[in-house]
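K.L.:
how does the following fold in three dimensions:
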Amino acid sequence: MTGLKVAMAGALASVILSGCALLQPAEHQWQDGKEYRLTVLHTNDHHGRFWANRHGEYGMAARKTLIDQIRAEVAAEGGELLLLSGGDINTGVPESDLQDAEPDFKGMSRIGYDAMAVGNHEFDNPLDVLRQQQEWADFPFLAANIYQQSNGERLFRPYHIFNKGDLKIAVLGLTTKDTGKLGNPEYIGDIAFTDPVAEAATLVPELRAQADVVIAATHMGHYVDAAYGINAPGDVTMAREVDGLDMIIGGHSQDPVCMTAEGKADSDFKPGSACMPDVQNGTLIMQAHEWGKYVGRADLVFKGGEVSLQRYQLIPVNLKKKVKDADGNKVRVLVADAIADDAAMKAFLQPYQDNGQEQLQVQIGSVDAKLEGDRDVIRFQPTNLGVLIAQSQMDKTNADFAVMNSGGIRDSIAAGNITYKDVLKVQPFANAVAFVELSGAELLDYLKAVAEKPVDSGAFAQFAGVQLEVLGGKLQKVMVAGEVVDPRRTYRMAINSYIASGGDGYPKMDTHPGYVNTGFVDAEVLRAFIQSNSPLRASGFESADIVRH
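P.N.:
Numbering: from 1, shown residues only. Sure, this is the predicted structure:
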């Protein structure tokens with residue numbers, strides 16, 4: 001019989017969790033009474049961040065330094081180490097996107113990843129690009145629930161069994177079923193994404209008969225207390241419904257999964273704070289936020305068929321916070337010790353960064369007149385650029401309409417040729433495009449709050465697909481697709497992740513059960529829209545749909 005023992009920081013005694021009461025493998029190499037040390041490191045939702053950001057945070061060169069240091073420490077103590085990714089390596093930074101994430105996958109190989117779950121954003125490109133990425137990587141892509149419909153065969157290996165000293169460790173890959181609706185239909189027409197929970201229920205008992213430790217590397221999302229709303233079920237649901245998983249290394253929801261000693265989600269978690277995994281049905285659930293901001297570290301002991309968690313950390317990779325200096329000015333300071341870049345890794349990545357920067361100058365489209373994004377205009381009235389951006393996000397999410405905050409639009413686009421760099425000057429914040437499904441009644445409440453945002457502020461709203469009449473700063477009438485909003489009908493609204501989280505004082509939507517973060521970066525969505533619709537006529541995006549009296 002196997003169980004999972006978790007040593008909580010500051011607790012007087014370890015807690016035995018009873019979710020893994022299954023048969024041990026028929027044959028094992030480990031010795032009764034002997035302790036085996038295993039360290040599992042993990043990241044997820046990398047999204048093209050192979051290079052440090054402009055503040056010197058994260059980046060694969062610093063990540064390699066950190067992981068190399070941990071490897072040396074673990075080896076010196078006689079332990080074993082496993083490095084896993086929760087997927088979504090693709091989509092997010094143009095220098096990576098323009099090169100099909102080649103620096104990212106090759107960089108992961110140099111860091112020494114053992115395996116990764118296939119994420120939904122791995123399908124943002126044609127399948128032949130994904131196959132090329134597999135060739136760049138020297139580790140397996142795992143997904144048990146992705147099939148080619150025409151022949152019924154899996155597209156990827158469902159699992160891999162690693163021999164780590166005397167231990168056999170099975171890693172099962174699973175991908176959110178939502179990939180079928182989030183992926184590009186052009187690329188996934190012959191691909192089926194089956195229920196990952198059902199696949200796990202079938203495979204985990206088989207893996208328990210072959211391995212001493214069973215881990216699921218997933219791209220399904222962590223939803224506290226299984227409250228997944230309109231998303232597909234995630235890691236918590238799977239842990240509750242499938243016995244026998246020792247750990248879940250997750251991704252997709254892009255959260256730092258941190259719980260208090262009482263097992264409640266730690267909503268006040270800050271980089272560098274103490275952190276514990278979620279534990280459901282005896283299964284540890286871990287997720288390291290996004291972009292390589294953290295490396296998750298779980299130090300485990302295996303003894304007599306039981307796995308004990310001795311320590312857990314989310315280690316920040318050169319993350320910084322704003323503080324006031326002696327003169328009262330805001331400055332950024334590290335939240336933990338600085339991690340130096342690995343020189344060889346940085347030298348390897350530098351040509352990719354340079355090449356990506358060069359490609360940003362390539363023309364992606366053209367426009368016949370100025371697209372207005374100047375601060376002294378766009379924060380006072382609807383503009384063609386505001387409508388264009390909202391339209392691009394509406395089209396990307398198949399939404400009924402879209403809302404965009406003017407503060408997220410930082411420049412104009414001049415008449416003539418348009419480059420990707422022009423787009424990035426307009427939308428430099430790398431917010432994700434999201435959508436939320438609302439009842440007509442909820443929609444009216446939301447638009448009432450948004451339409452009344454004052455001029456001369458970043459909160460002033462730009463719209464596409466919706467007709468509003470505002471009288472004296474108060475919303476009087478709303479129409480979508482030419483029809484008055486029906487309070488009983490469901491509508492889909494496209495927004496960005498910043499205002500969804502309450503930015504610029506917008507109503508908070510990212511906790512609504514109908515909310516979905518697509519993971520697509522706003523600038524990339526705008527680039528694709530411009531590229532697909534050029535040459536653009538600026539007059540085609542003039543707003544006549546917002547009437548203010």
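
K.L.:
how about stretch 453-461: buried residues?
P.N.:
453, 458-461 (16 or more other C-beta atoms under 10 Å). C-beta here means a position set from N, CA and C on the backbone, and glycine is covered the same way.

K.L.:
quick one, what contacts Asn318?
P.N.:
52, 56-59, 62, 334, 338-339 (C-beta atoms under 8 Å, 6 or more residues apart in numbering).

K.L.:
quick check: it vs Ala198, distance?
P.N.:
41 Å (C-beta to C-beta, to the nearest Å).

K.L.:
got any ranges where this structure has weak pLDDT?
P.N.:
Across the chain, the ranges flagged by pLDDT under 70 are 1-26, 473, 544-549.

K.L.:
all helices for the stretch 51-200 of the chain, in order.
P.N.:
For the stretch 51-200 of the chain, helices defined by DSSP state H, counting those that start in this stretch occupy the ranges 60-76, 94-97, 102-111, 127-136, 179-182, 185-188, 196-208.

K.L.:
and the angle from the fourth one to helix 102-111?
P.N.:
Taking axes from the mean of the first three to the mean of the last three C-alpha atoms, to 10 degrees, one finds helix 127-136 and helix 102-111 inclined to each other by 30 degrees.

K.L.:
distance between helix 127-136 and the chain's centre?
P.N.:
21 Å (C-alpha atoms, centre = their mean, to the nearest Å).

K.L.:
can you check the first one too?
P.N.:
Between the centre of helix 60-76 and the centre of its host chain there is 24 Å, according to C-alpha atoms, centre = their mean.

K.L.:
can you tell me what sits against that helix?
P.N.:
Contacts of helix 60-76 (C-beta under 8 Å, 6+ apart): 37, 39, 41, 43, 49-52, 80-81, 83, 103-104, 107-108, 110-112, 292, 295, 297, 315, 317-318, 339-343, 345-346, 349.

K.L.:
rewinding a little: right, and the helices of the stretch 51-200 of the chain - which one's nearest Gly407?
P.N.:
Closest of these to Gly407 is helix 94-97, at 21.8 Å (criterion: C-beta to C-beta).

K.L.:
and that closest one, what does it pack against?
P.N.:
helix 102-111, helix 343-359, helix 522-533 (3 or more C-beta pairs under 8 Å, 6 or more residues apart in numbering; DSSP states H and E).

K.L.:
sorry, back to before: could I get the helices of the stretch 51-200 of the chain as JSON lines with distance to Gly304 and mean neighbour count?
P.N.:
Formatted as JSON lines, those follow (distance: least, C-beta to C-beta, whole Å; neighbours: other C-beta atoms under 10 Å):
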{"stretch": "helix 60-76", "distance to Gly304": "21", "mean neighbour count": "19"}
{"stretch": "helix 94-97", "distance to Gly304": "45", "mean neighbour count": "22"}
{"stretch": "helix 102-111", "distance to Gly304": "33", "mean neighbour count": "22"}
{"stretch": "helix 127-136", "distance to Gly304": "38", "mean neighbour count": "15"}
{"stretch": "helix 179-182", "distance to Gly304": "39", "mean neighbour count": "20"}
{"stretch": "helix 185-188", "distance to Gly304": "45", "mean neighbour count": "13"}
{"stretch": "helix 196-208", "distance to Gly304": "16", "mean neighbour count": "20"}
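
K.L.:
how about these in TSV, adding distance to Gly251?
P.N.:
As requested, the helices of the stretch 51-200 of the chain are exported to TSV (distance: least, C-beta to C-beta, whole Å):
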stretch	distance to Gly251
helix 60-76	16
helix 94-97	17
helix 102-111	14
helix 127-136	16
helix 179-182	12
helix 185-188	19
helix 196-208	13
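
K.L.:
quick revisit: just the buried subset of the contacts of helix 60-76, please.
P.N.:
The neighbour-count test (16+ other C-beta under 10 Å) marks 37, 39, 41, 43, 49-52, 80-81, 83, 103-104, 107-108, 110-111, 292, 295, 297, 315, 317-318, 339, 341-342, 345-346, 349 as buried among these.

K.L.:
the stretch 301-450 of the chain: helices as residue ranges?
P.N.:
Along the stretch 301-450 of the chain, counting by DSSP H, counting those that start in this stretch, helices occupy 343-359, 375-378, 384-397, 420-426, 440-451.

K.L.:
looking at these, which is buried most?
P.N.:
Greatest average neighbour count among the helices of the stretch 301-450 of the chain goes to helix 384-397 (a mean of 25), per mean count of other C-beta atoms under 10 Å.

K.L.:
and it, what other elements does it pack with?
P.N.:
strand 401-405, strand 432-439, strand 461-464, strand 490-496, strand 515-521, helix 522-533.

K.L.:
deepest-packed of the ones you listed, please.
P.N.:
Highest mean neighbour count among the helices and strands packed on helix 384-397 (mean count of other C-beta under 10 Å): strand 401-405, a mean of 26.

K.L.:
ok, and what's touching it?
P.N.:
Here strand 401-405 has contacts from 386, 389-391, 393-394, 447, 450, 458-466, 480, 491, 493-496, 498-499, 503-504, 506, using C-beta under 8 Å, 6+ apart.
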